[in-house]
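[1] Got a predicted model here, sequence first, then my questions.
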Amino acid sequence: MPARHEAGKARGVQGCKARHLAAALLVCCVLVSPAAAHAEPAKAAREAFVTNQTGDSLSIVDLAAQTSAPAITIGGKPAGVAVSPDGAFAYLTSPESKELVVFDIAARRIASRFAVGQGPLGIAVHPAGDRVFVADWYEHKLYAVDPAKGRILGSVEVGKSPSGVAVTADGARIVTADRDSNEISLIDAATFARTGHVTVGERPFGVTVDRAGKRAYTANVGSDDVSVVDLATGKVAGTVKVGRRPYAVALAAGKGFVTDQYGGTVTVFDLETLTVIKTIEVGEYPEGIEADPTGEAVYVACWEANTLERIDTATLEVTARIPVGDGPRAFGQFLR
Amino acid sequence: MLRLFASTLALVCLLPFAATAHGPSRQKVTESVEINAPADKVWAVVGNFQDMGWHPAFKKTEGKGGNDVGATRVLTLEGGGQIFEKLTKYNAEGKTLSYEITEVDVKLVPVTNYSAHLTVTPDGDKSKVEWKSAFYRGYVNNDPPPELSDEAAVKAITGVFQSGLAALKKKLEGG
């Protein structure tokens, strides 16, 4: 989940220390203004690439038309997904066949597939687009893979059963949620060395980093909460109690959106105050979740309901329920 | 003594999670049946969390908490062995309930992390009963033995659902 950043909100002020508020504000304004003045408005995502694990397939969803084409067979029970920064490929993990599957988006077919580890699940692409990171559930490693050549570039030991993977927008740092050791690992992307780890709640599964690369949010399946980690200090800045068995987090419009698998809900919380705003009923077993680049919507894959659902981030209502294949997980960054 | 008890309790509390640490592929089974009986009558049977007597696989239901969320029950199988379950959602108006298995020997039912929903939908004078479940196989690591594979888990739950729904239909249409 490299680009699971908070969408649709100016950033930069957050994290400035009160003690140097005036100076900091000035610096922040200087930093933010040029970007704000020249940045083009983010375009809405056009398509979603939803891995249907039970159906062993990929559903491609037209987000404007709110329809999905007949699912395409993938093999190996796909779960993880990461779309390349240029939108040309969807990289999928197939845990059953222990493969990375490269899906050519323009051609609408599998371009290549190759073996990676013993339990590939979580996946993210480096912003440069040349490397894909795959977390191995059973080998407790993170692999770096060249998807063009199908070659493993290296691996690094992380905590036990790494699941979610995120990369900071500047491409400097990789974060893994190490489910069975209750921590996140911090990995230097340049040296591919583990530089630190932070203890979070119980059984962190999905992890999302904000656009500024300041905070990481883990969905903790065991303790039914979200840990907010300050990446600069390596400390937990806060904890948000959410619904049962949270799976992953999306950031949009100043809010966090958390899929509660057992609750059949999405818990929404304020990113500044870390207080819960609303609990939204969605299809049963919501899992993968990602924010639209505009920040106006988040999309949620509901595993048991077999839907991809759209939540309006202003009204906090479900505005569409789009049927997809059987058992959608969409664990990762699935929009383009 | 108290400390020993506390540490034992802590260990026991950890066990279910250790047992439910799972690999990547969750399984699902959905079965449904049309019953020639009004939904209220069907719900009066399946909506009672404290009596699983309509299912031929279970000899006895013992529990507490009625139909309140958090209620528990212990199902004793005809062939021996017990399944411990907890009610997690209950909606009498919508005629739907959800529950989870909190403890079971995988030799008895080869699943872990099991949850299920039962829903009765009216269709005129008839009803549709849908039973949906989500679970992982009995073997938590890679490359499971055949008796604890995904296939074995799906087969076991499909069998439980089909035999139960068939018996339910017979009971309600017969009486």
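    Arrived safely.
[2] per-residue confidence at residue 5?
    I'll assume chain A. Looking at residue A:5, its pLDDT is 54.
[3] looking at chain B here, not the other one
    For residue B:5, the predicted pLDDT is 48.
[4] cool, and residue A:23?
    Per-residue confidence (pLDDT) for residue A:23: 45.
[5] The residue of the stretch 1-150 of chain A at minimum distance from chain B and residue B:26, how far apart?
    Across the stretch 1-150 of chain A, the shortest distance to chain B (C-beta to the nearest C-beta) belongs to residue A:95, at 3.7 Å. Placement of C-beta: from N, CA and C, glycine included. Separation of residue A:95 from residue B:26 (C-beta to C-beta, to the nearest Å): 11 Å.
[6] tell me the mean pLDDT over the longest helix anywhere in chain B?
    Criterion DSSP state H: the longest helix present in chain B is helix B:150-174. For helix B:150-174, mean pLDDT rounds to 95.
[7] Buried ones in it, by neighbour count?
    Within helix B:150-174, the residues scored as buried using 16 or more other C-beta atoms under 10 Å in any protein chain shown are B:150, B:152-154, B:156-157, B:160-161, B:164-165, B:167-169, B:171-172.
[8] ditto for stretch A:277-286
    A:279-280, A:282-286.
[9] which residues are contacting it?
    Around stretch A:277-286, the neighbours that count as contacts under C-beta atoms under 8 Å, 6 or more residues apart in numbering or on different chains are A:243, A:247, A:255, A:259-270, A:300-307, A:309, A:311, A:316-318, A:321, B:117, B:132, B:134.
[10] which parts of chain A sit against chain B?
    For chain A, the contact set with chain B under C-beta under 8 Å from any C-beta of the partner chain comprises A:53-54, A:77, A:79, A:95-96, A:118-119, A:121, A:137-138, A:161, A:179-180, A:202-203, A:222, A:244, A:262, A:284-285, A:303-304, A:326-327.
[11] Okay, and which of the residues you listed map to strands?
    residue A:121 (DSSP state E).
[12] Put the buried members of the residues of chain A next to chain B into a PyMOL selection.
    What follows is the PyMOL syntax for the buried subset of the residues of chain A next to chain B, where burial is set by 16+ other C-beta under 10 Å:
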select buried, chain A and resi 53+54+77+79+95+96+118+119+121+137+138+161+179+180+203+222+262+284+285+303+304+326+327
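[13] The residue of the stretch 1-150 of chain A closest to chain B: what's it in contact with?
    A:76-77, A:79, A:119-121, A:137, B:23-25.
[14] chain center to stretch A:300-319, what's the gap?
    Offset of stretch A:300-319 from its chain centre (C-alpha atoms, centre = their mean, to the nearest Å): 16 Å.
[15] on that earlier part again, return the member of the buried residues of stretch A:277-286 nearest to residue B:37.
    Nearest to residue B:37, judged by C-beta to C-beta, of these is residue A:284 at 25.9 Å.
[16] Please name the nearest non-neighbouring residue to that closest one.
    If the residues on either side of it in the chain are set aside, residue A:284 comes closest to residue A:304, at 3.8 Å by C-beta to C-beta, 6 or more residues apart in numbering or on different chains.
[17] Also residue A:172?
    The shortest distance from residue A:172 to any non-neighbouring residue, by C-beta to C-beta, 6+ apart, is to residue A:189 (5.7 Å).
[18] Sweet, I'm off.
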